[in-house]
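Chemist: my questions concern the predicted model and sequence given below.
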Amino acid sequence: MFQNNYSFLSKLIHKIALNNHFVADTSFDIEQMLYEKEVKKQQLEQVIFITGLARSGTTSIFNAIYKTNEFASLTYQNMPFLMMPNIWKKIAPRTEEQSVERFHKDGLMVSIKSPEAFDEYFWKLKLRDNYIKDFFLELNQIDESLLSEYDVYLKLVCLSNKKQKYLSKNNNNILRLKYLKKKFPSAQILLLFRDPIRHANSLLKEHLYFSEHQKKDNFIIDYFNYLGHHEFGLNHKYFKLNTAVNNSFALDSINYWLAIWKSYYQYIIDNHLADVNLVCYETLCSEPQKIETYLKNHFKIEVSLKNYIPPIYDPNNNLDKELLNECLEIYDSLIKKVQIINTQPNLQELAHGDFKLNT
């Protein structure tokens with residue numbers, strides 16, 4: 001897990017493993033060659049993709065499902081040789097399991113055995129970063145052969161965990177949702193959303209926190225660049241979707257993050273509502289039993305979720321009113337969609353209530 005205490009040797013190994021296409025490609029080729037027979041027999045009984053704009057609760061629900069012990073996923077034990085999960089599991093040095101608060105400083109604890117959003121590295125490697133531009137991430141173009149390789153990769157991860165179900169959390173999957181649905185038509189996609197003001201505040205807070213620490217340690221930027229994480233910080237890149245993003249706002253303005261929110265969820269409404277299962281962060285926090293029931297009824301998964309009271313921010317009076325109203329309309333539409341699938345029937349008033357700028 002990421003901490004600010006990597007040795008020079010550890011940093012070098014991460015660079016060799018994650019920032020060198022030849023090493024990563026070769027490790028994947030060897031992995032496939034050694035486990036070819038096993039992969040052909042490996043089944044994927046269930047595939048779940050968890051996604052959403054960062055800070056929407058994806059990690060909480062990801063961890064809860066993973067704790068059922070029914071699913072395989074990439075964990076910190078797979079780092080930094082992500083493309084050979086079976087080989088690395090056998091030869092990796094044993095590390096004592098110790099839980100620490102993750103780098104985000106948001107109260108979530110992680111250990112060497114914790115699952116994480118590492119499968120983005122597969123797409124970075126295979127697409128040769130062609131979707132990662134100077135200031136944004138663009139929609140992917142993926143052919144059938146690459147989708148087949150990804151299928152093999154998921155089976156290798158499952159094989160290394162002796163599981164037949166795969167669980168992924170990847171905020172970047174919005175860039176390739178149509179391809180994931182094409183390759184895995186029975187896969188379930190959980191997409192989380194959050195009320196726009198609180199969500200934008202949370203993104204802004206993390207952006208400022210990451211930026212401050214990245215100025216002191218360049219390896220923090222390298223680490224998250226290696227893994228394709230550009231949600232916030234000095235290496236932030238927005239999603240360039242089929243909707244316009246107003247970039248006239250400064251990154252340290254809440255309005256910039258409201259514009260990011262608007263673009264993301266408007267794209268979902270316009271293109272993928274039929275493909276995803278919506279989960280509202282406010283319900284996840286205040287009425288988790290409703291999410292538990294929904295997952296049990298629709299996904300055949302029994303999880304244990306706890307109530308959570310997010311921290312509170314000081315009010316922000318610099319909101320762009322027109323932008324805010326557009327975001328609230330989108331949020332209202334998402335709430336109504338959630339009501340249709342009956343996961344939270346009484347939250348529509350949140351879209352027009354007295355915001356306290358919680359995050």
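Modeler: On my side now, so go ahead.
Chemist: so which residues of the stretch 101-250 of the chain form strands?
Modeler: All strands of the stretch 101-250 of the chain, identified by DSSP state E, counting those that start in this stretch, fall at 109-110, 136-138, 165-169, 188-193, 238-240.
Chemist: among those strands, which is the most enclosed?
Modeler: Across these, the average number of neighbours (mean count of other Cβ atoms under 10 Å) peaks for strand 165-169, which reaches a mean of 24. Glycine gets a C-beta too; all of them are placed from N, C-alpha and C.
Chemist: which helix or strand in this structure has the lowest average pLDDT?
Modeler: strand 100-101 (a mean of 68; mean pLDDT, DSSP states H and E).
Chemist: does the residue of the chain positioned farthest from its centre belong to a helix, a strand or coil?
Modeler: Distance from the C-alpha centroid of the chain peaks at residue 37, with 31.2 Å (Cα atoms, centre = their mean). Recorded secondary structure, residue 37: helix (DSSP: H, G, I helix; E, B strand; the rest coil).
Chemist: low-confidence ranges in the stretch 151-300 of the chain?
Modeler: Residue ranges of the stretch 151-300 of the chain with pLDDT under 70: 243-247.
Chemist: which residues sit in contact with residue 299?
Modeler: 48, 188 (Cβ atoms under 8 Å, 6 or more residues apart in numbering).
Chemist: ignore the last one, residue 260
Modeler: With Cβ under 8 Å, 6+ apart, residue 260 has these contacts: 53, 200, 203, 238, 239, 245.
Chemist: not counting its neighbours along the chain, what's nearest residue 186?
Modeler: residue 47 (7.5 Å; Cβ to Cβ, 6 or more residues apart in numbering).
Chemist: strand 188-193 and the helix or strand hosting that neighbour, what's the angle between them?
Modeler: Using DSSP states H and E, residue 47 sits in strand 46-52. Counting by axes from the mean of the first three to the mean of the last three Cα atoms, to 10 degrees, strand 46-52 lies at 20 degrees to strand 188-193.
Chemist: to the chain's geometric centre, what's the distance from strand 46-52?
Modeler: 9 Å (Cα atoms, centre = their mean, to the nearest Å).
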